[in-house]
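Asker: next come a sequence and a model predicted from it.
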Amino acid sequence: MFCPKCGTACLPEHKFCKACGAVLGAGSGDPVTIPASGVPEVQTAASVPLAYGNVPPSSMPPPGVAGMYPSVGQPVYYVAAPAAQTHHMQQLNLLESLRGRIRSLASTDSLEGFSLGQMFSDVFKRRGADAVEDYILCGTLKTTPPIELVETGWPKPWLFFRLLAALVIAYVVMTFLFMRTDNPNMVPGMMFLGAFAIPLATLTLFFELNTPRNVSIQVVGKLFLAGAVVSLGVAVLTYTVSIFDLYASEAGIVEEVAKLLAVVLVMRSVRYKYILNGLLFGATVGAGFAAFETTGYALNTALVPGLLQGIIQAGSTSQQAMTAAMHQGVVFMLQTLRLRGIESPLGHVAWTALSAGAFWRVKRDKPFSPAMLMDVGFLKAFAIPVSMHAIWDAPAALQLPFDGNQIITGLITWYVVFGLVQQGLRQVKEEQKSHLQSALANVEATMQPPPGTVAV
């Protein structure tokens, strides 16, 4: 039988069309008519003058009651769709509509062949120390692979997880030692490990997603420090202007512009022409910004208030009271570090990666020009991290429960990031094709006899 709405072939026992979800005749096959020739003729949806989906509701009999298609004369049973099925279809349509709007704004395509399970399938594969060193050594003139050897399928990163595990273990050990001894020498180590662990691991993930492997660890380290200083400096100076100091939602504009400006100022070489390079550069600056900002929050909004509260509660300045106050302050600090560390991959790192990736989609191998910042495609994509940042920092009255704002904005941001990764992989594949065609043309040119010679 065929769907009367879209014409898709369906099995007789189906109640709903597998393509459009329209209700089919219950238990009946396709309408069959007997022409004058006596040969049965199957009547498909294309031959029905009025589709089922266009039947006015007033002319439809109650569910389960036999009726007729208007102007067709074919008997049919109207079967009401279950409420749960209708609600599920509405949710799917809403989700697909949202994805389409996001892709349109970011100028990306739907993900093809993407699977998180396949992508991270090599995380727990055993590798020796030599394999790790060879994996890290890349990006120089001698260690950058030829374009024809670059993988263009979805990468399978694994190094980021090893770095994350090592940093988290070090953080847990230092925290345990402090809790047992209250030794203040452990505090700086806990603060920096807690602030840097997850941002650095996420940065390593983007380092592995850069399949051309044309960016070295030295370049990443330079950009991490310089980009963090420049972006934090620009943001702090901008906040001294009163208009930006009044509204927390302005952080979405101030900080995203500051981080993108840091990427553009530090990475001006035309050598790095791939969209995947831009994603890595943005993630590097975002990771530095997030890590150093977290240390500031840990100190100013957790450790110092905790110390003061501990002193007030103790009501004394004795050594024992001061030790208890320090312990209370560190507990506050650890809470801030854990929260901001867990949320960091959903925020600054992904936001700046998206911004820089969209900008490199315009820049490519051309020198920087201010006109690039006015590109419509870039501005539309740049509006995503700015708006996601503003929603993240929305007032308490607009915050969803269970960190809903952070989770939703993070998922949207990473969906666009993976769309840019797909575009970057396609860019590499197109360059491989162009390189191969050029090589074939050179071979054909060398095989052709010189002009004026006669073939024997």
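Answerer: On my side now, so go ahead. Small disclaimer: the values here were computed from a predicted structure and weren't measured.
Asker: neighbours around residue 282, how many?
Answerer: A total of 34 residues lie near residue 282 under the criterion other CB atoms under 10 Å. To be clear about C-beta, it is placed using only N, CA and C from the backbone, and glycine gets the same treatment.
Asker: list the contacts of it.
Answerer: 259-260, 263, 352-357 (CB atoms under 8 Å, 6 or more residues apart in numbering).
Asker: that one: which element?
Answerer: helix 275-298 (DSSP states H and E).
Asker: which of the residues in that helix are classified as buried?
Answerer: Neighbour-count burial for helix 275-298, counted by 16 or more other CB atoms under 10 Å, picks out 275-295, 297-298.
Asker: for stretch 422-437, same thing?
Answerer: 422-425, 427-428, 431-432.
Asker: pretty sure residue 6 contacts residue 24?
Answerer: No. Using CB atoms under 8 Å, residue 6 is not in contact with residue 24, being 11.1 Å away.
Asker: helices along the protein, start to end?
Answerer: Here the chain has its helices, by DSSP state H, at 83-106, 116-119, 129-136, 159-181, 186-209, 217-239, 242-245, 251-266, 275-298, 304-314, 319-343, 348-363, 376-392, 404-447.
Asker: what is the mean pLDDT for the fifth one?
Answerer: Confidence for helix 186-209, expressed as mean pLDDT, is 95.
Asker: not counting its own residues, what contacts stretch 339-346?
Answerer: Stretch 339-346 is contacted from outside by 194-195, 197-199, 202, 287, 290-291, 294, 297-298, 403, 406-407, 409-411, 413-414, using CB under 8 Å, 6+ apart.
Asker: buried members of these into ChimeraX, please.
Answerer: Selecting the buried subset of the contacts of stretch 339-346 in ChimeraX, with 16+ other CB under 10 Å as the burial test, is done by:
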select :194,195,197,198,199,202,287,290,291,294,297,298,406,409,410,413,414
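Asker: tell me where the model's unsure across the chain.
Answerer: Low-confidence segments of the chain, defined by pLDDT under 70, are located at 1, 13-16, 18-19, 21, 25-84, 242-249, 306-317, 450-456.
Asker: domain ranges for it?
Answerer: As given by automatic domain parsing, the domain ranges for the chain are 1-79, 122-424.
Asker: start to end distance for the last one?
Answerer: Using CA to CA, to the nearest Å, the end-to-end distance of domain 122-424 comes out at 21 Å.
Asker: burial measure for residue 111, as a count.
Answerer: Counted with other CB under 10 Å, residue 111 comes out at 15.
Asker: coming back round to it: residue 6 and residue 24: which is more packed in?
Answerer: Between residue 6 and residue 24, counted using other CB under 10 Å, the more crowded position is residue 24 (27 against 14).
Asker: hey, which of the domains of the chain is tucked in deepest?
Answerer: Comparing these by mean neighbour count (mean count of other CB atoms under 10 Å), domain 122-424 comes out on top with a mean of 18.
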